[in-house]
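> 3D model of this:
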Amino acid sequence: MQLPQRVFVGALVVPMLLASVGTVFRPEVEIAAGHLVFAVRSSEIVLAGTAGSAAERQDVVDAVRGLTDSYRITDMITPNAGERMPVSPGVAAGLLGVVLDHGVSEFTGVVHKGHLTASARVADPERAGLLSDALRAAATGLRVDEDFTSD
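Numbering: from 1, shown residues only. Just a heads-up that it's a prediction; the model follows:
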């Protein structure tokens with residue numbers, strides 16, 4: 001083989017073959033669960049976090065919108081192909097529905113890695129207990145930690 005052919009094969013063909021073999025045998029990358037933050041402040045619900053696609057983001061927003069017409073919904077969920085929502089739209093709406101049904105005007109919830117961290121301001125300890133029980137029932141498959149304060 002002549003020198004220019006060897007250079008061509010060594011510099012271009014071999015790396016291309018190795019790259020194609022690496023692509024074929026590369027294991028699939030698992031899409032990790034991202035995070036979801038929802039906050040209720042007075043008459044606004046803020047949604048933030050990551051979704052695997054714009055459609056997944058829209059499903060969560062639509063599920064939350066279906067809960068109420070009296071709250072302004074601020075959507076700050078970012079589509080990210082490397083992460084999916086940590087809970088289904090139904091679970092997200094269920095958690096928020098519990099908060100709204102209990103008349104909580106200040107609430108923050110974070111869902112991440114199978115865990116719900118919730119903080120809220122409630123009227124009295126009895127209502128805090130009721131909210132805690134309802135959140136745990138709605139948080140299917142999530143470990144729940146809460147920090148509720150009473151007025």
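
> the residue nearest to Val122 when sequence neighbours are not counted: what secondary structure?
In space, and not counting its chain neighbours, Val122 is closest to Ala128: 4.7 Å by Cβ to Cβ, 6 or more residues apart in numbering. Backbone N, C-alpha and C define where each C-beta goes, glycine included. Look at Ala128: counting by DSSP: H, G, I helix; E, B strand; the rest coil, its state is helix.

> residues in contact with Ala128?
When contacts are counted by Cβ atoms under 8 Å, 6 or more residues apart in numbering, Ala128 touches 120, 122, 148, 150.

> quick one, which of those has the minimum pLDDT?
pLDDT across the contacts of Ala128 is at its lowest for Ser150, which sits at 86.

> now the strands for the protein?
Using DSSP state E, the strands found in the chain span residues 32-33, 35-41, 44-51, 72-79, 83-84, 106-112, 115-122, 143-150.

> quick one: buried residues of the second one?
If you call a residue buried by 16 or more other Cβ atoms under 10 Å, then strand 35-41 has these buried ones: 35-40.

> quick one: which of those residues is nearest Ala51?
Using Cβ to Cβ, Leu36 comes nearest to Ala51 of the buried residues of strand 35-41, at 8.5 Å.

> and Asp133, how far from Pro89?
Distance of Asp133 to Pro89, computed by Cβ to Cβ, to the nearest Å: 23 Å.

> which residue, neighbours along the chain excluded, lies closest to Ala54?
The shortest distance from Ala54 to any non-neighbouring residue, by Cβ to Cβ, 6+ apart, is to Pro79 (4.8 Å).

> so that neighbour bridges to which residues?
Under DSSP bridges, the beta-bridge partners of Pro79 are Ala51.

> ok, it to Ala63 distance?
From Pro79 across to Ala63, the span is 16 Å (Cβ to Cβ).

> which one's more surrounded, the two?
Ala63 (18 against 14; other Cβ atoms under 10 Å).

> in contact with the spatially closest residue to Pro86 that is not a sequence neighbour, which residues?
The spatially closest residue to Pro86, leaving aside those adjacent along the chain, is Ala33, at 4.2 Å (Cβ to Cβ, 6+ apart). Applying Cβ under 8 Å, 6+ apart, we find Ala33 in contact with 83-86, 112-114.

> among the strands of the chain, which comes closest to Leu95?
Smallest distance to Leu95 across the strands of the chain (Cβ to Cβ): 6.2 Å, for strand 106-112.
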